[in-house]
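Asker: Below are the sequence and a predicted model; questions follow.
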Amino acid sequence: MIIPLAHRADQAQEYYFSVKLAEVRKLVAAGHDVINMGIGNPDMMPSEATIDALTAAAHQPHAHGYQSYKGIPAFRAAIARFYSHTYGVTLDPETEILPLIGSKEGITHLSLTFLNEGDRVLVPELGYPAYRAVSQMVGADVREYPLLEHRNWQPDWSAMADLVTETTKMMWLNYPHMPTGAPATRALFEQAVRFAHDHRLLLCHDNPYSLVLNKKPPISLLAIDGAADVAVELNSMSKSHNMAGWRIGWLAGTKSYIDSVLTIKSNVDSGMFLALQQAAVQALANSDDWHRERNAVYEDRLDAAKAFLDALGCTYTNDQEGMFLWAKLPESIASAETLVDELLYTKHIFIAPGFIFGPKGNRYVRVSLCMPKERIWAAVERLRAA
């Protein structure tokens with residue numbers, strides 16, 4: 001007997017990278033040297049002090065039991081200090097911060113907390129696939145708002161206003177933007193906060209890339225006047241602190257929003273491992289020099305990544321932030337999907353096709369900087385040899 005799936009499971013599709021990385025593993029198992037430039041999986045280590053804090057905490061006899069749903073006070077206080085130092089934003093560690101098992105968890109919790117079936121949610125036409133997927137799973141009416149390529153992938157605010165109805169409840173925003181690398185600006189955030197006030201919707205900003213190859217001081221949406229009333233911000237240690245597999249992030253916002261999300265979260269998990277939280281406290285104290293050194297490594301990889309895209313005949317902008325390069329295909333290449341499969345199976349190089357981030361990405365590809373520059377140069381040589 002086969003039990004029918006719930007509608008949400010019927011609608012959901014397996015994450016593209018889950019499928020494609022299985023193909024990569026098969027090629028590797030067959031003896032092929034696959035250069036994986038597809039995913040944003042940081043290959044550098046957390047700081048030494050972070051790892052020392054983890055191991056010391058794991059040896060504490062009391063470290064292995066259930067933890068608070070809100071995280072330990074020391075972790076919340078460290079997040080508050082980080083926000084003050086990095087963004088100039090003051091947060092109350094007791095009431096305005098909720099630790100999460102990565103910001104991906106937060107996307108689900110926010111959607112479960114604020115969206116009823118049929119409520120409209122606005123997502124960018126190019127963006128992290130989870131915004132759409134989770135909204136669909138909770139039965140929301142998902143509408144994609146346009147991004148203007150000629151304005152460096154900024155939202156088309158006038159077109160977005162036409163998408164707003166009485167049932168519109170939430171809007172997802174993400175700058176520095178993934179996948180395009182478009183930087184965050186104060187003017188953009190001010191416009192977003194005005195839009196949320198004007199249309200009485202919750203603005204959810206996803207902010208994991210602000211410390212990666214940032215060309216200017218990083219910005220938080222919560223630094224904007226009036227943001228506290230209409231906005232929350234997700235952040236993560238995955239990219240900024242080389243801790244992707246640790247699954248540590250948080251939600252920041254006013255007490256009423258945090259308390260509402262906590263109601264859902266407390267029914268889903270039982271808190272994070274104490275040693276992870278104590279190590280995160282140490283990581284959040286990493287010096288500015290540590291972050292500069294990490295960015296210098298990524299900067300050193302850019303030349304190789306650009307040479308790779310040049311060899312394909314792609315075009316790209318030089319002001320991108322984050323750990324990827326977003327590039328447009330030349331007319332001579334039929335489609336991103338065809339190119340990705342050709343590179344994977346004939347050159348054993350994996351890059352991400354732009355369409356997985358939305359239909360507007362059909363003529364684009366994304367290249368990750370999360371590998372030693374020597375490996376990226378090896379991919380360049382494979383192309384040149386052909």
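Answerer: Great, that's in hand.
Asker: Spit out the contact partners of T180.
Answerer: Under the criterion of Cβ atoms under 8 Å, 6 or more residues apart in numbering, the contact partners of T180 comprise L126, L147, N152, W153, Q320, W326. Backbone N, C-alpha and C define where each C-beta goes, glycine included.
Asker: Quick check: pLDDT value at it.
Answerer: Listed pLDDT for T180 reads 97.
Asker: Next, it: secondary structure please.
Answerer: T180 falls in the coil class when you classify it by DSSP: H, G, I helix; E, B strand; the rest coil.
Asker: and L325, which of the three is it?
Answerer: At L325, secondary structure determined by three-state DSSP is strand.
Asker: separation between it and A285?
Answerer: Computed with Cβ to Cβ, to the nearest Å, the distance linking L325 and A285 is 31 Å.
Asker: circling back to that earlier point, now tabulate the contacts of T180 in JSON lines and tack on distance to R294, neighbour count and secondary structure.
Answerer: Putting the contacts of T180 into JSON lines (distance: Cβ to Cβ, whole Å; neighbours: other Cβ atoms under 10 Å; DSSP: H, G, I helix; E, B strand; the rest coil) gives the following:
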{"residue": "L126", "distance to R294": "26", "neighbour count": "25", "secondary structure": "coil"}
{"residue": "L147", "distance to R294": "28", "neighbour count": "22", "secondary structure": "strand"}
{"residue": "N152", "distance to R294": "25", "neighbour count": "17", "secondary structure": "coil"}
{"residue": "W153", "distance to R294": "25", "neighbour count": "22", "secondary structure": "coil"}
{"residue": "Q320", "distance to R294": "17", "neighbour count": "23", "secondary structure": "coil"}
{"residue": "W326", "distance to R294": "21", "neighbour count": "26", "secondary structure": "strand"}
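Asker: just the helices in the stretch 51-200 of the chain please.
Answerer: Assigned by DSSP state H, counting those that start in this stretch, the stretch 51-200 of the chain shows helices spanning 73-87, 103-114, 129-137, 157-161, 186-199.
Asker: From the chain's centroid, how far away is the shortest one?
Answerer: Shown here is helix 157-161, whose average C-alpha point lies 24 Å from the average C-alpha point of the whole chain (Cα atoms, centre = their mean, to the nearest Å).
Asker: If you count neighbours, what's buried in it?
Answerer: Using 16 or more other Cβ atoms under 10 Å as the test for burial, helix 157-161 gives W157, M160.
Asker: picking up where we left off before, for A192, state which of the contacts of T180 is nearest.
Answerer: Distance to A192 across the contacts of T180 (Cβ to Cβ) is lowest for L147, with 13.0 Å.
Asker: What residues are bridge-paired with the closest one?
Answerer: The residues paired with L147 through beta bridges, assigned by DSSP bridges, are P155.
Asker: Tell me where this structure is predicted with low confidence.
Answerer: Screening the chain residue by residue with the criterion pLDDT under 70, one finds the ranges 1, 10-15.
Asker: Let's see that with 90 instead.
Answerer: Scanning the chain with the threshold set as pLDDT under 90 gives 1-22, 39, 102-104, 215, 268-271, 334-335, 359, 385-386.
Asker: ok, for the spatially most central residue of the chain, nearest residue in space, not its chain neighbours?
Answerer: The geometric centre of the chain, computed from its C-alpha atoms, lies nearest to P208 (Cα atoms, centre = their mean), at 5.3 Å. Leaving aside its sequence neighbours, P208 sits nearest to S236 (Cβ to Cβ, 6 or more residues apart in numbering; 4.3 Å).
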